[in-house]
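1. Here is my input; please provide its structure:
(one chain, ligands or ions: 1)
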Amino acid sequence: MKNLNLWYGESQALYDINMDIGEKEVTAIIGPSGCGKSTFIKTLNRMVEMVPVVRTSGEIDYRGKNIFDDKNYPVEDLRTKVGMVFQNPNPFPKSIYENIVYGPRIHGIKDKKTLDAIVEKSLKGAALWDEVKDRLHENAFGLSGGQQQRVCIARCLAIEPDVILMDEPTSALDPISTAKVEELVQELKENYSIIIVTHNMQQAARISDNTAFFLNGELVEFANTNTLFSTPSDKRTEDYITGRFG
Ligand SMILES: Nc1ncnc2c1ncn2[C@@H]1O[C@H](COP(=O)(O)OP(=O)(O)OP(=O)(O)O)[C@@H](O)[C@H]1O
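-> Residues are numbered from 1 along each chain as shown. The predicted structure is shown next:
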């Protein structure tokens, strides 16, 4: 990211963000409510532009192409490479199977055997296969919240992204489901780059390689997670992680 700025109408939400996010690493985004965490990750797959008054400046280069350059990087291509999982599990009101094959079908895959294989691989990737393999054609709404969130992760994996954006993916989950998703993040980073917004600093410390601390739309500090939590270089980071504000 180079000099990334973002405005909602007249109101600026991101200020001059410069950041280099590594491949196959977990990057945590932390900061107090309203500091721009969601705005920031939704910028990475340009979903933020669904708000009509949004305006950006600067660049986000992904594998040598600026994602804002529509001619060289169609937004549909970007979104197949950069998938997203939201705060509240949001499966479609369809069967587990139909949830997973939704994206691949849009991409023109029709062959049943291929779709079956995608469902199995994606559910295995989301550590859910064993729990649901005998009920693939039941409605996803019949699953627990934690299982629904893993369906959403499987749905994201089914389009074979490189990057997975997660916006507080465990905030609606109980501690056991949270632990499962955290464990899953550790497994997924073997194959995917993960950027995760979290309110939970212990979670950031547990699962991420690098952490970015945002405050009032600015990137205050971006460092190795252990370093950021043990010896932050900015006083504002120190105040936040020690609970002095936020
Ligand atoms: N659709 C929108 N229209 C106008 N302003 C918005 C919109 N969405 C977010 N904002 C503003 O942008 C700023 C950053 O909000 P954002 O949701 O990115 O913060 P956040 O750090 O993710 O907060 P939280 O932790 O509470 O989810 C806030 O001032 C917010 O009011």
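
2. Contacts only, for residue 89.
-> 145, 148, 149, 151, 152, 172 (Cβ atoms under 8 Å, 6 or more residues apart in numbering). Bear in mind the C-beta positions are built from the backbone N, C-alpha and C, glycine included.

3. Is it possible to get CSV of the residues you listed that adds pLDDT?
-> Output for those, formatted as CSV (pLDDT from 0 to 100):
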residue, pLDDT
145, 91
148, 94
149, 90
151, 95
152, 94
172, 84
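
4. Just give me the closest of the residues you listed to the ligand.
-> When those are compared for distance to the ligand (Cβ to the nearest ligand atom), residue 172 wins out at 12.8 Å.

5. If you count contacts, what does the worst-scoring helix or strand of the chain on mean pLDDT end up packed against?
-> When each helix and strand of the chain is scored by mean pLDDT, DSSP states H and E, helix 175-188 comes last, with a mean of 90. Applying 3 or more Cβ pairs under 8 Å, 6 or more residues apart in numbering; DSSP states H and E, one finds that helix 175-188 contacts helix 145-157, strand 193-197, helix 201-207.

6. So what pairs up with the spatially most central residue of the chain in the strands?
-> Nearest to the geometric centre of the chain sits residue 165, at 1.5 Å (Cα atoms, centre = their mean). With DSSP bridges as the criterion, residue 165 is bridged to residue 84, residue 195.

7. I'd assumed residue 56 was in contact with residue 2.
-> No: with contact defined as Cβ atoms under 8 Å, residue 2 does not reach residue 56; the gap is 11.8 Å.

8. element containing residue 226, please.
-> Following DSSP states H and E, the helix or strand that holds residue 226 is helix 225-230.
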